[in-house]
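**Q** here is my input, please return the structure:
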Amino acid sequence: MRYSKGHKEATRQRIIDTAAARFRGEGIAAVGVANLMGDVGLTQGGFYNHFESKDDLAREAVSQAWNSTYERLEKALHDPERGGVEAVINSYLSARHRDAMAEGCVAAALSPEIARGADVVRAEFTRGVEHMVSLLADAL
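**A** Have a look, this model is predicted:
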């Protein structure tokens, strides 16, 4: 069966999206490749058509999670109707944000695990923290 041109990239993106949420919600080590692929409707063997290793996926998922954080942060910081820095702080410290770990802050969800993670994942995480600090510093 032939798939459309964009099918492989769309599938890869679905895996990354699912991993980004599951890793934040449960931790990278707690999420198995077979279980994750089952969530996406694929087999474990298909994983290696998209990623070299779980660390490769973790790096991509951390990057994606940071990118979605930056988008939300930039919108909130630069939109006067959203309240700027004060609104960002209030949102970050809210019970809703605390309780929605799978959609929340990558740093809060994964910091303890990243410290013991693979170099490529730590490097991506560090890049994300530096960028977030830069965004907040510029806003202040």
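**Q** what helices and strands are in contact with the lowest-mean-pLDDT helix or strand in the chain?
**A** One helix or strand of the chain scores below all others by mean pLDDT, DSSP states H and E: helix 84-92, with a mean of 82. Helices and strands touching helix 84-92, by 3 or more Cβ pairs under 8 Å, 6 or more residues apart in numbering; DSSP states H and E, are helix 54-78, helix 119-139. Any C-beta I mention is one placed from the backbone N, CA and C, and that applies to glycine too.
**Q** C-terminal to it, what's the next element?
**A** For helix 84-92, the following helix or strand on the C-terminal side (DSSP states H and E) is helix 95-99.
**Q** now the helix or strand following that following helix: mean pLDDT?
**A** Of the helices and strands lying after helix 95-99 in sequence (DSSP H and E), the nearest is helix 106-114. Per-residue pLDDT over helix 106-114 has a mean of 90.
**Q** may I see the buried residues of stretch 49-64?
**A** His50, Phe51, Lys54, Asp56, Leu57, Ala58, Arg59, Glu60, Ala61, Val62, Ser63, Gln64 (16 or more other Cβ atoms under 10 Å).
**Q** please read the previous query as pertaining to stretch 71-85.
**A** Applying 16+ other Cβ under 10 Å to stretch 71-85 flags Leu73, Ala76, Leu77 as buried.
**Q** can I get those in a markdown table with pLDDT?
**A** Output for those, formatted as a markdown table (pLDDT from 0 to 100):
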| residue | pLDDT |
| --- | --- |
| Leu73 | 83 |
| Ala76 | 80 |
| Leu77 | 82 |
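**Q** spatially central residue in the protein, please.
**A** Nearest to the mean C-alpha position of the chain, by Cα atoms, centre = their mean, lies Ala65 at 2.1 Å.
**Q** wait, which of the buried residues of stretch 49-64 is closest to Asp138?
**A** Checking those against Asp138 by Cβ to Cβ gives Ser63 as the nearest, at 20.8 Å.
**Q** hmm, that closest one is touching Ala123, no?
**A** No - contact between Ser63 and Ala123 fails when scored by Cβ atoms under 8 Å: they sit 10.4 Å apart.
**Q** low-confidence regions, the chain specifically.
**A** Applying pLDDT under 70 to the chain flags residues 1-3, 82.
**Q** having no further points to raise, I will conclude here.
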